[in-house]
Each structure stands twice: as C-alpha cells, then as structure tokens.
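A.B. asks: please work out how this folds:
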Amino acid sequence: MSGVRVLVGTRKGAFVLTADGTRTDWEVQGPFFPGWEIYHVAASPADPDRIWASQSGGWFGQQIQRSDDGGRTWNAVGNDFSYATVPGTHQWYDGTPHPWEFARVWHLEPAANDPDTVYAGVEDAALFRSVDGGQSWSELPGLREHGSGPHWQPGAGGMCLHTILPDPRDSDRMLVAISAAGVFRTDDGGKTWRPTNRGLVSEGIPDPDAEVGHCVHKLALHPAQPETVFMQKHWDVMRSDDGGQNWYDIGGDLPTDFGFVVDVHAHEPETVYVLPITSDLEHFPYEGKLRVFRSRTGGHEWEPLTQGLPQQHCYVNVLRDAMSVDGLDECGVYFGTTGGQVYASADAGDSWAPIVRDLPAVLSVQVQTLP
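C.D. replies: Coordinates of the predicted model:
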C-alpha cells in the first residue's frame, strides 16, 4: 500500500511524519536540528529518499542540510551563497538605497528529473542553483540584473524570493515570486527575466498597478494545466490563464481575500484551496474560525471547509509554505499553523484532523506520496 511522508519545518527544528495509505496512524520523527529555524523542507521528485532542509539561525547563519535516506540522517552540504555580480542596492521601506545582503534561504525547489539539481530562493531576493547535490551554489544573475531590481522593496517578512514554480512541460520556463516585487518569468532557463504582473493592483505603492512592487505571497499550478496559475497576494486571490502574463481577481465571495497559502488538488486542476486570515495587521483566521476555502470552479465560487477545525477562539496563522497536497487516489490536503498543529484531510478537504499538535510554530509543510 502506498503511503505519505509529511515534511515539516518549524521555528525550532524539522519533523518527518509518515503514514500508510489509510493516513490514520502517524509516526513522528524529530526534531531534527532542534533549536534551529527550518524555513523549508523539500523532497526531490527524482529520488524519494533525497530531502533538503534550509537551516537558519541568528548565531550561526545559514546552512543547507541533505538527507539521502528519507530524513532519518542528515549531512550539511555547501553554503557558498555569494551574489554573482556586484550587489548594488535596492530600495528600503523609506525609498533609501539598501545594499544587497544574503540573510537566509527561504525556499528550496528540487528539479523534477535530476536529484542533484536544486534551486534556492533567498533573502535578499535572488535565485541560486546547485547541480552537484548541494555542494556548490551559483546565482542566476539575470533576475537581479533585470532593470527593475533597484526598485524592489522588502515586504513585512523581508525581501525574499519565496516561490519557485517550474513549468512541468518546458524546462526552460519558470515563474518566481518575490515579496514585495511581484512575479517574474523566464523562458530561456534563467538567462533573462521579465515581470509578469499585469492585472495586479496594490494599495500603498506610488503607482498601484505598477510593473513591479506587488507583494505576492504564493503561487500554485497543476502540472496537467501549467498555463493556469493561482496566486495569493497580500490582498486579492488571483488567477492567470496564460502562464502568469495576465491576472484577474477570483476572490469575490471569500470572507477576506488576505492570506498566505494557495494550493491545487492533485487530480483536479480547477480545484484550488486558500486559507483566508483577517487582514495584513491581524494575522489570524477571520472571526476566529479556522476555515479552509475550496473552489471546484477554478476560483469562481468558494465553499468553507470546517469539519474537524476549531470554529471559535482560534488565532493561529498559516504561512506561505505551510500547505501541501498528496497524490493518492483520494487527494489529501495538509497545512500547519503557527500554533504548532499540522492538520490533514484524507478526503480532499471535506473533513480534517490534527496529525500532530504542539510543535513549534510551523513554517513549511510538504508532502511526498510514497510507492
């Protein structure tokens, strides 16, 4: 019977949760790297035993960890994240220049067909790649060298490249998202990039529909329909039907369209999930009710999913990398909270149960479907 492995990054270590295909009894391993912030834990699609972790701490800086046995043991690998060109400056909140400085790795994106190739999105925003199993890293400088780079500004969490979305049908095409610059697309393997934010409108910037400056929180697509991309923005839930070139609003009947996560059902390209929170100041569920919203119509109609979730006095948050789906026949959906709970639904969101409680604040959740 196939099973699932849930990889969880938290403020104080990483955890590996495993279950068989029934998804009822869970084994919890960890914490790995206790006391360290683990911004992201990511599994290789090309090798189910290869897992990556972004380990970060105020005292000792950034370290990439790699496991080759499904997360049982780990080894530190290369950490040479140096910008390829003279960093120059970007704009700070008040418009003054700020030098580009490497702080941490926010997101790891293993390549689909090669276990030794992995991409890293970092703060300050840049895209790196390793082709030797993480031993060495090099920047893809064309992104920062785009003419808009000096005008990028940090979001509340820093100026981070937090989403890396390869096109599953075209290895030269990729979307990335930067807070708070927006979405950028390459069609030539990362040599050149262009902003793809047409249709986005953001209050609080000098030109609300500018080419760059939009605070995008997360992107998601289904591999069978890669031209359709869903977005959770600082405000607004958006959709593109042309690979991110143009966007339109699909958040009409949500109670609030602020949030951090968005994901797509494993087998239904038009079924999408978001988890709204109250506002950009009040990072907790609207009305204190923890509700996942599902649309089976590509975002045109939304329904609240509440069974098994707390519906009063709930004030946790769900961060941008903290939702994932599995690939079993009945798609499972998972998310983690800043209160340390990881919730799972084995029926595409109809009902939920916590599979672990009382972890440190959850930063990331990724699910592997095991043979």
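A.B. asks: okay, the residue nearest to residue 297 when sequence neighbours are not counted and residue 169: tell me how far apart.
C.D. replies: Spatially, and ignoring its direct neighbours in sequence, residue 297 is nearest to residue 270 (6.3 Å; Cβ to Cβ, 6 or more residues apart in numbering). (Glycine included, C-beta is placed from N, CA and C.) To residue 169, residue 270 is 18 Å away according to Cβ to Cβ, to the nearest Å.
A.B. asks: in the stretch 251-371 of the chain, which spans are strands?
C.D. replies: Remark: strands assigned in the stretch 251-371 of the chain by DSSP state E, counting those that start in this stretch are 258-264, 272-277, 292-295, 303-305, 323-325, 333-336, 342-345, 353-356, 362-370.
A.B. asks: the first one pairs with which strands?
C.D. replies: By that I understand strand 258-264. strand 272-277 (antiparallel) (DSSP bridges).
A.B. asks: show me what counts as buried in the strand it pairs with.
C.D. replies: Within strand 272-277, the residues that count as buried by 16 or more other Cβ atoms under 10 Å are 272, 273, 274, 275, 276, 277.
A.B. asks: got JSON lines for these, with distance to residue 85 and pLDDT too?
C.D. replies: Conversion of the buried residues of strand 272-277 to JSON lines gives the following (distance: Cβ to Cβ, whole Å; pLDDT from 0 to 100):
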{"residue": "272", "distance to residue 85": "38", "pLDDT": "98"}
{"residue": "273", "distance to residue 85": "39", "pLDDT": "98"}
{"residue": "274", "distance to residue 85": "37", "pLDDT": "98"}
{"residue": "275", "distance to residue 85": "38", "pLDDT": "98"}
{"residue": "276", "distance to residue 85": "40", "pLDDT": "97"}
{"residue": "277", "distance to residue 85": "38", "pLDDT": "97"}
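A.B. asks: between the residues you listed, which is nearest residue 325?
C.D. replies: Closest approach to residue 325 among the buried residues of strand 272-277 (Cβ to Cβ): residue 273, at 8.0 Å.
A.B. asks: and for residue 315, the neighbour number?
C.D. replies: 16 (other Cβ atoms under 10 Å).
A.B. asks: for residue 356, what are its contacts?
C.D. replies: 8, 15, 17, 26, 28, 341, 342 (Cβ atoms under 8 Å, 6 or more residues apart in numbering).
A.B. asks: now with 6 Å, please.
C.D. replies: For residue 356, the contact set (Cβ atoms under 6 Å, 6 or more residues apart in numbering) comprises 28, 342.
A.B. asks: could you do residue 244 as well?
C.D. replies: The contact partners of residue 244, by Cβ under 6 Å, 6+ apart, come to 175, 183, 185, 196, 229.
A.B. asks: now the first one, what's its secondary structure?
C.D. replies: This points to residue 175. strand (DSSP: H, G, I helix; E, B strand; the rest coil).
A.B. asks: bridged to it, which residues?
C.D. replies: Beta-bridge partners of residue 175, counted by DSSP bridges, are residue 165, residue 185.
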